[in-house]
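# Kindly generate the corresponding structure for this input.
(one chain, ligands or ions: 1)
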Amino acid sequence: MRSGSKNLVILGMQWGDEGKGKIIDLLSRNFSYVVRFQGGNNAGHTIVVNGETLALHQVPSGTLHPKCFLVVANGVVLNLEVFNQEIDRLKQRGVDVLSRLMLSEKAHVILPHHILLDQWREGGAGRIGTTGRGIGPAYEMKSSRMGVRLGDFLHPETLHTRMELGYREVAARLGSQSALPSLEEIIERTQSWVAPLKRCIGNTQTLLYDAWEQKSPILFEGAQASLLDIDHGTYPYVTSSNCSVGGLLAGTGLSHHAIDMVCGVTKAYATRVGDGPFPSEIDGSLGETIRTRGKEFGTTTGRPRRCGWFDIPVVRHGVQINGAGGLAIMKLDVLDGLEEIKIILGYSDGSGGFTRHLPGHESDWKEVSPIEKTFRGWGKTAACKQWSDLPKEAQTYLKFIEDNMGCPIAYVSTGADRREGFFMSDILSSFMEPS
Ligand code: IMP
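You can find the predicted model right below:
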């Protein structure tokens, strides 16, 4: 084995939507491979280029850089209909994806009945506010060994049997009243979605291992975030994959040797979509102001995002479980012009105690209340391109965050466009070639 290639992992430190797409897009021209390794089309990465917005759900965010080879590894669950639509939309903008794409033969497929089951469950008592994209059922079928993988479409002799297993289970749960299409219809539809992608299906594990051995730089693109991680998030209000660094190893088949650096991405405040604990949530008109300024509406579902203050225990948890070596702080400019800005230092536990650790149980989350520190607001950070351009109050705010993270700030974003923001140290710039 050879080491030495410079591989970077980009992961969300909060509840998703931190702005990972911008960082990935910014850095990906320096990488030969950009890899998705978990999640599905519950993710929505927005990238803005020359004022034009592009929303991606499953195609890796490096897509705009023609030299990047795009990999969808085994840990992803794929909605093939949506994937084809995304590729068509990119093609209309002159971006060719199919000639530089590999999809893992081991990646599981999200099937129409998974989506129906997800949506049916969300109508009942177990509702958690999912994206309704069938993510949970697809991963559930994978774990119970009733899933259908992309490679199954290369083996038509076994496809019907594999499809039937999971279909029967779902049909039994949904009952005959549901709008469930017949198994034959689902097979036919899914085969038509696979057809244009067939030549891209392959062994992504060996592709990536070879790339690593040849020291080709690889960028790993996390979807969702630490607090939505199935093990380390706010269970049960989580997604169904490991969105933390552990998910990368299982989701690609690479070892920890392939990781040179983890960059954690966080907003300068916090947001969450869907139900579940969110101690720093800001109610009323201030929350509304931040939502409007930050355009805090889901890329995937359009749902309004709940907005809150920057929460130190939340982001520290992300830093710890992922071994983040640098932080990218996004959307600082959204806080411009506020009189006061708060940061959550920790929580009081109801009996006078103070903790900087996250509660482990759903009920414990209900017991804690946030302890805040108030900072003076600042005028304008929008489009600032270096540290010294920032107002003193914004510098104080960021410095406080850094001092409490055990991890330096590597990048500050001051606007949606690629050009708005700056690197703080050589933590990330060592992964960049001069432009
Ligand atoms: P699911 O992933 O659709 O099963 O949804 C589970 C939870 O994760 C819900 O609270 C969703 O709102 C949340 N979620 C899933 N994907 C994302 C994302 O990309 N950004 C933010 N929240 C997400």
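# Secondary structure class of S351, three-state.
Of the three states, S351 takes coil under DSSP: H, G, I helix; E, B strand; the rest coil.
# Please tell me the pLDDT value assigned to it.
The model reports S351 with a pLDDT of 80.
# V49 now?
For V49, the predicted pLDDT is 59.
# try K22
Note on K22: pLDDT of 88.
# Tell me how many other residues crowd it.
When neighbours are counted by other CB atoms under 10 Å, K22 registers 26. Where C-beta positions appear, they are placed from N, C-alpha and C, glycine not excepted.
# you'd agree it is up against R419?
No. Judged on CB atoms under 8 Å, K22 makes no contact with R419 at a distance of 10.9 Å.
# what about I23, how many neighbours?
Other residues close to I23 by other CB under 10 Å number 26.
# Give me the secondary structure label for the residue lying closest to it once chain neighbours are set aside.
The shortest distance from I23 to any non-neighbouring residue, by CB to CB, 6 or more residues apart in numbering, is to A328 (5.2 Å). Taken by three-state DSSP, the conformation at A328 corresponds to strand.
# which residues pair with A328 across the strands?
V265, Y411 (DSSP bridges).
# Against I344, how distant is it?
20 Å (CB to CB, to the nearest Å).
# Counting neighbours, go ahead and name the busier of the two.
A328 (29 against 22).
# Do I have it right that that one meets P408?
No. In terms of CB under 8 Å, A328 does not count as a neighbour of P408; the distance is 11.0 Å.
# how about the residue nearest to I23, what does it touch?
Going by CB atoms under 8 Å, 6 or more residues apart in numbering, A328 touches 10, 19, 23, 263-266, 409-413, 428.
# Repeat the analysis, applying 6 Å as the threshold.
Contacts for A328 (CB atoms under 6 Å, 6 or more residues apart in numbering) come out as I23, C263, V265, A410, Y411.
# can you list those in a markdown table and add distance to the ligand?
A markdown table is the format used below for these (distance: CB to the nearest ligand atom, whole Å):
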| residue | distance to the ligand |
| --- | --- |
| I23 | 15 |
| C263 | 18 |
| V265 | 12 |
| A410 | 22 |
| Y411 | 20 |
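# Going through those, which ones are buried?
Buried residues within the contacts of A328, counting neighbours by 16 or more other CB atoms under 10 Å: I23, C263, V265, A410, Y411.
# How about L254: what's its closest non-neighbour residue?
L208 (5.6 Å).
# Do you know the pLDDT at that neighbour?
98.
# And for E169, the neighbour number?
17.
# Check Y209 too.
Around Y209 there are 17 residues (other CB under 10 Å).
# same thing with A258?
22.
# For the nearest residue to it once chain neighbours are set aside, give me phi and psi.
Spatial nearest neighbour of A258, chain neighbours left out: W212 (4.9 Å); criterion: CB to CB, 6+ apart. According to degrees, to the nearest 10, the main-chain angles of W212 amount to phi -60, psi -40.
# Spatially nearest residue to the one residue in the stretch 251-400 of the chain that gets nearest to the ligand (excluding sequence neighbours)?
Nearest residue of the stretch 251-400 of the chain to the ligand (CB to the nearest ligand atom) works out as G274 at 2.3 Å. Using CB to CB, 6+ apart and skipping residues adjacent in sequence, the residue nearest G274 is G129, 3.1 Å away.
# ditto for F153
V194 (4.4 Å).
# between the contacts of A328, which is closest to L390?
Y411 (13.3 Å; CB to CB).
# Look at the closest one and report its pLDDT.
97.
# residues contacting it?
Y411 neighbours (CB under 6 Å, 6+ apart): A328, F423, L428.
# Quick check: next helix or strand after the worst-scoring helix or strand of the chain on mean pLDDT?
Lowest by mean pLDDT, DSSP states H and E among the helices and strands of the chain is strand 45-49, with a mean of 69. Heading C-terminal from strand 45-49, the first helix or strand you meet, by DSSP states H and E, is strand 52-56.
# list the helices and strands that next one packs on?
Identification of packing neighbours for strand 52-56 by 3 or more CB pairs under 6 Å, 6 or more residues apart in numbering; DSSP states H and E yields strand 45-49.
# residues of the longest helix along the chain that come out buried?
Counting residues, the longest helix found in the chain (DSSP state H) is helix 156-174. Burial within helix 156-174, assessed by neighbour count using 16+ other CB under 10 Å, is assigned to L159, R162, M163, G166, Y167, E169, V170, A171.
# State the mean pLDDT of it.
Rounded mean pLDDT across helix 156-174 is 94.
# Residues contacting it, please?
For helix 156-174, using CB under 6 Å, 6+ apart, the contacting residues are H113, L117, W120, M141, M146, V148, D152, L180, L183, I187.
# cool, and stretch 187-207?
Contacts of stretch 187-207 (CB under 6 Å, 6+ apart): 71, 73, 80-81, 84, 101-105, 150, 153, 163, 253.
# how about 8 Å then?
By CB under 8 Å, 6+ apart, stretch 187-207 touches 35, 71-74, 80-81, 83-84, 87, 98, 101-106, 109, 111-112, 148, 150-151, 153-154, 159-160, 163, 181, 252-254.
# Buried subset of those as a PyMOL selection?
Selection of buried members from those for PyMOL, criterion 16+ other CB under 10 Å:
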select buried, resi 35+71+72+73+74+80+83+84+87+101+102+103+104+105+106+109+111+112+148+150+151+153+159+163+252+253+254
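# In helices, which of the contacts of stretch 187-207 fall?
Those of these lying in helices (DSSP H): L80, E81, F83, N84, I87, P112, L159, H160, M163, T252.
# Quick check: the two most widely separated of those?
Of all pairs in those, the most separated under CB to CB is H160 and T252 at 29.8 Å.
# Can you show me the CA trace of whichever strand or helix holds the residue nearest to F153 as CSV?
Secondary structure assignment for V194, by DSSP H and E: helix 183-194. Output of helix 183-194 as CSV, limited to C-alpha atoms (Å, rounded to 0.1, in the frame of the first residue of the first chain):
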residue,chain,number,x,y,z
LEU,A,183,-44.5,-5.6,-9.3
GLU,A,184,-44.2,-6.0,-13.1
GLU,A,185,-44.9,-2.3,-13.6
ILE,A,186,-42.2,-1.4,-11.1
ILE,A,187,-39.6,-3.7,-12.6
GLU,A,188,-40.3,-2.3,-16.1
ARG,A,189,-40.1,1.3,-14.9
THR,A,190,-36.9,0.7,-13.0
GLN,A,191,-35.3,-1.1,-15.9
SER,A,192,-36.0,1.8,-18.1
TRP,A,193,-34.3,4.2,-15.6
VAL,A,194,-31.3,1.9,-15.4
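# Strand partners (parallel or antiparallel) of the helix or strand following that helix?
Sequence-wise, the next helix or strand beyond helix 183-194 is strand 201-202, with elements assigned using DSSP H and E. Next to strand 201-202 in the sheet, as set by DSSP bridges, lie strand 101-104 (parallel).
# any idea how far the partner strand is from the chain center?
19 Å (CA atoms, centre = their mean, to the nearest Å).
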